[in-house]
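Undergrad: dropping the sequence and predicted coords here.
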Amino acid sequence: MSNIQDKIEEEREQARATCDTSGSNSAECAAAWDAVEELQAEASHRNRSKKKNSLEQYCDANPEADECRVYEE
């Protein structure tokens, strides 16, 4: 995960530099910040799709097991 965070930081620095040289209202500046936003979205997506723990894996393979029962109120 730190690899994508490093990439986000690099893109931020590039976006700031781009906006400094071409102006904050330029298309290049907007595109640079779009790239940062896309990387942040990817990092968020990766964070949400965490691996299942051993019990979740077991219950996926054995849904009828006693340990996997779900009780509704």
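TA: Nice, thanks for sending it over.

Undergrad: excluding chain neighbours, what is closest to the residue nearest the centre of the chain?
TA: Nearest to the mean C-alpha position of the chain, by CA atoms, centre = their mean, lies A43 at 1.9 Å. Nearest residue to A43 in three dimensions, chain neighbours excluded: I4, at 4.9 Å (CB to CB, 6 or more residues apart in numbering). Any C-beta I mention is one placed from the backbone N, CA and C, and that applies to glycine too.

Undergrad: helices or strands next to the helix or strand where that neighbour lies in the packing?
TA: Under the criterion of DSSP states H and E, I4 resides in helix 2-22. In this structure, helix 2-22 packs against helix 27-48, with contacts taken as 3 or more CB pairs under 8 Å, 6 or more residues apart in numbering; DSSP states H and E.

Undergrad: from the chain's centre, how far out does the helix it packs on sit?
TA: 9 Å (CA atoms, centre = their mean, to the nearest Å).

Undergrad: hmm, who's touching that helix?
TA: 1, 4-5, 7-8, 11-12, 14-15, 18-19, 22-23 (CB atoms under 8 Å, 6 or more residues apart in numbering).
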